[in-house]
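Q: Just a sequence and a predicted model for now, questions to come.
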Amino acid sequence: MNPAVLIGRALLVAGAVFLLAAPFGLSPRGLQLVTEFLTMLVLALMWNLLAGYADIVTVGQHAFVGIGAYAFFGFLVLAGFDPWLSVLLAGLVALVFSLPVMAIIFRLRAGYLAVGSWVVAETLMLAAGKLSAFGGGSGVSMPVAAVKRFGAATADRYVNVYWLAFALAALALLSTWYLMRSRIGVGLTAMRDSEEGAGAIGVNLRRARILCFLWAAPFLGIAGAIITMQKLRVAPPASFSIIDWTVYVIFIVVIGGIGSFEGPIIGTLVFFVLRELLADTGVWHLIVLGAVSIGIVLIEPKGIWGLLRRFVPGDLIPVGHSPGKRQGRA
Amino acid sequence: MLELSGLALHFGALKVLDGVELTVPQGAVVGVIGPNGAGKTTLFNVIAGVLSPSAGSIRFEGRDVGAMPVWDRCRLGIARTYQIPKPFTNMTVFENVLAAGLHGGALSMREASARAEDVLALVELDHRSSLRAGDLSLLDLKRLELAKALGSGPRLLLLDEIAGGLTDAECDTLLDIISTVRERGTTIVWIEHVIRALRRIAGTIAVLYNGTFIATGAPDEVLVDRRVKDVYLGAGQ
Ligand SMILES: Nc1ncnc2c1ncn2[C@@H]1O[C@H](COP(=O)(O)OP(=O)(O)OP(=O)(O)O)[C@@H](O)[C@H]1O
Ligand SMILES: [Mg+2]
């Protein structure tokens, strides 16, 4: 194996080991940060799937995070359901909502789709602000009793929520990897490179788009539940935050490298490093982030991974197919 | 196999196709010629389903496919090459063809792999299987275009100027490949300016001019037709 690929894979394995060990070594603050990292990674993987492969350049991703957050709050606090069941149901509700949203925005293409998805997301946020059981426009904190159901002691709760985020990120990575290796994934990769060309060789573009949209929704919804467990409250502007759950995510994917598996991982790392470095600079954080992504895209449209890929001859996470070995790896 | 009747298409005020009639029998090789801008590529876009005609019908093996999306037509067995190649640049050559087998050909991963290897060997691109498609030369891109089209196992193959810019030797190789494809039972419609190539393989030549076929018949008859000489051979020289 090529040394660059080997180093890259070694780093990935080291990262996985670190994540598995995190609950045993990190401070609560550190653990919260890694939980946040994993949640953002999930959001980035999903936006990358939609925008990088299926050409669904949505800027309304925060809608599904918000829906998940509210659904989770509703099931856990208002209906008194089991906490883990409430997390799963948050994903299910996001999936259910994705159907009508899809029916609306799939009538639109390119820039219109982007604007349409944003309008739909803002509308959903405004609607959430009308729900008096959820504190209306100013939102509501989670009752202590409900919070404690994820762990009586604060430290336990952090660990439990961390494992939840870990499981979600692992599931998102593994299942999306499996998807990309399948025949559908080969079609999606073809779509990424040439949509018209993909249609011409028989890729059902409509079905592929629908699949990706439905695929992303439950992951985003469950991420919303995890975010709620970290913030311990729901509120329209925070749960449906376009900056946090869409704009940052776009920066992450663009910086890391759109249309690849490695890109969102690299982008999420860079995002957190920059954020921690610039934590005290207020709005400059956002400006620097924007400048970095524009700078990188001007140098290489496929982001940092696109740059590295000039020296690294293979995928770190192999999604390709090669001849001879019939189910073979790249 | 393919019946076009009364096909019309316009871009705004520009009538690109206007009353196209064509019948392609099973197993035939039909050459399509015509001056630049005659509407040849547009005709392929309409047959393949990239563009919808403003009037007329397209029947493929007895079925009206006029309202079918492009991918369904490919599934039914209509494949085309693009005059300007549309490779999947960041996939390997092999994966480009694999995708066609998996989707257009509805094959399993194993079958599609085998098909891709066969097709790449046929177009003599097998030694470049693991190369990024974006790194191919123009000649190889044209071979890949053909391989992608063959990858779906088409019953009707639409070729859009794949011999353009080839040397005589390369053109001969291409003709051998296309003969093999025909012998395997694929019907072919081939747009080409290289008349020498068409002459050797096409049983019928159809001349498109101003969006309609002005002559259709055996090469020797069509190519000596006065009108054809005027509009096409005259314009070409
Ligand atoms: N998408 C489009 N929008 C507007 N006009 C178009 C479009 N596509 C093609 N045309 C016009 O339609 C006419 C026919 O184009 P077409 O590409 O079908 O010609 P062609 O016969 O394939 O020519 P060539 O031999 O140069 O490939 C041209 O005048 C072209 O400018
Ligand atoms: Mg043309």
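A: Nice, I can see it. Ligands and ions are numbered 1, 2, ... in the order given.
Q: neighbours around the residue nearest to B:L159 when sequence neighbours are not counted, how many?
A: Leaving aside its chain neighbours, B:L159 sits nearest to B:W190 (4.3 Å; criterion: Cβ to Cβ, 6 or more residues apart in numbering or on different chains). C-beta coordinates here come from the backbone N, C-alpha and C atoms, glycine included. The local packing of B:W190 (other Cβ atoms under 10 Å in any protein chain shown) involves 24 other residues.
Q: Look at B:W190 and report its pLDDT.
A: pLDDT for B:W190: 94.
Q: Could you identify the helix or strand that succeeds the helix or strand where A:F72 lies?
A: Taking DSSP states H and E as the definition, one finds A:F72 inside helix A:62-73. Counting by DSSP H and E, the next helix or strand C-terminal to helix A:62-73 is helix A:83-105.
Q: Which elements pack onto the next helix or strand after that following helix?
A: Next helix or strand after helix A:83-105 toward the C-terminus (DSSP H and E): helix A:110-128. For helix A:110-128, the packing partners by 3 or more Cβ pairs under 8 Å, 6 or more residues apart in numbering or on different chains; DSSP states H and E come out as helix A:62-73, helix A:83-105, helix A:236-239, helix A:242.
Q: and the gap between the residue nearest to B:L159 and ligand 1?
A: Separation of B:W190 from ligand 1 (Cβ to the nearest ligand atom, to the nearest Å): 13 Å.
Q: got the contact list for that residue?
A: The neighbourhood of B:W190, defined by Cβ atoms under 8 Å, 6 or more residues apart in numbering or on different chains, consists of B:29-32, B:158-159, B:162, B:178, B:198, B:201-202.
Q: Confirm that it sits in a helix.
A: No: with DSSP: H, G, I helix; E, B strand; the rest coil as the criterion, B:W190 is strand rather than part of a helix.
Q: ok, it to ligand 2 distance?
A: 12 Å (Cβ to the ion, to the nearest Å).
Q: what do you get for B:E61?
A: Taking Cβ to the ion as the measure, B:E61 falls 25 Å from ligand 2.
Q: Who's the closest spatial neighbour of that residue, skipping the chain neighbours?
A: Closest residue in space to B:E61, ignoring its immediate chain neighbours: B:M1 at 6.0 Å, by Cβ to Cβ, 6+ apart.
Q: and that neighbour, what pLDDT?
A: Looking at B:M1, its pLDDT reads 91.
Q: How many neighbouring residues does it have?
A: Residues lying near B:M1 (other Cβ under 10 Å) number 17.
Q: List the residues that contact A:L173.
A: Contacts for A:L173 (Cβ under 8 Å, 6+ apart) come out as A:L45.
Q: Which pLDDT value goes with residue 175?
A: Picked chain A for this. pLDDT, A:S175: 95.
Q: wrong one, I was asking about chain B
A: pLDDT, B:L175: 92.
Q: who's in contact with A:N204?
A: Here A:N204 is in contact with A:187, B:69, B:71-72, B:103 (Cβ under 8 Å, 6+ apart).
Q: Quick check: B:G165 is in a strand.
A: No: B:G165 is assigned coil when assessed by three-state DSSP, not a strand.
Q: Distance-wise, check the residue nearest to it when sequence neighbours are not counted relative to B:L166.
A: Ranked by Cβ to Cβ, 6+ apart and with sequence neighbours excluded, the top spatial neighbour of B:G165 is B:L138, at 7.1 Å. B:L138 sits 10 Å away from B:L166, going by Cβ to Cβ, to the nearest Å.
Q: When these two are compared, which one has more neighbours?
A: B:L166 (17 against 10).
Q: Which strand or helix spans residue 6?
A: Let's take chain A. Short version, using DSSP H and E: A:L6 is in helix A:3-25.
Q: wait, chain B
A: Element membership of B:G6 [criterion: DSSP H and E] is strand B:2-11.
Q: Kindly report the same for B:W71.
A: Assigned by DSSP H and E, B:W71 belongs to helix B:70-76.
Q: Could you find the residue in the stretch 1-150 of chain A that comes nearest to ligand 1?
A: A:R109 (15.8 Å; Cβ to the nearest ligand atom).
Q: how much space is there between that residue and chain B?
A: A:R109 is 15 Å from chain B, where distance means Cβ to the nearest Cβ, to the nearest Å.
Q: And that residue, its phi and psi?
A: Note on A:R109: backbone dihedrals following degrees, to the nearest 10 are phi -130, psi 160.
Q: Near it, how many residues? Count them for me, please.
A: As a burial measure, A:R109 scores 13 neighbours (other Cβ under 10 Å).
Q: same thing with A:Q230?
A: Residues lying near A:Q230 (other Cβ under 10 Å) number 15.
Q: Tell me who's in contact with it.
A: A:Q230 is in contact with A:32, A:35-36, A:39, A:161, counting by Cβ under 8 Å, 6+ apart.
Q: One more: A:L20?
A: Shown in contact with A:L20 (Cβ under 8 Å, 6+ apart): A:F166.
Q: B:E145 versus that one, what's the distance?
A: Distance of A:L20 to B:E145, computed by Cβ to Cβ: 47 Å.
Q: Grab the nearest non-local neighbour of the closest residue to ligand 1 within the stretch 151-300 of chain A.
A: Residue nearest to ligand 1 within the stretch 151-300 of chain A: A:E196 (11.6 Å; Cβ to the nearest ligand atom). Distances taken as Cβ to Cβ, 6+ apart put B:K86 closest to A:E196, at 6.2 Å, once the chain neighbours are dropped.
Q: how much space is there between that neighbour and A:M142?
A: B:K86 is 52 Å from A:M142, by Cβ to Cβ.
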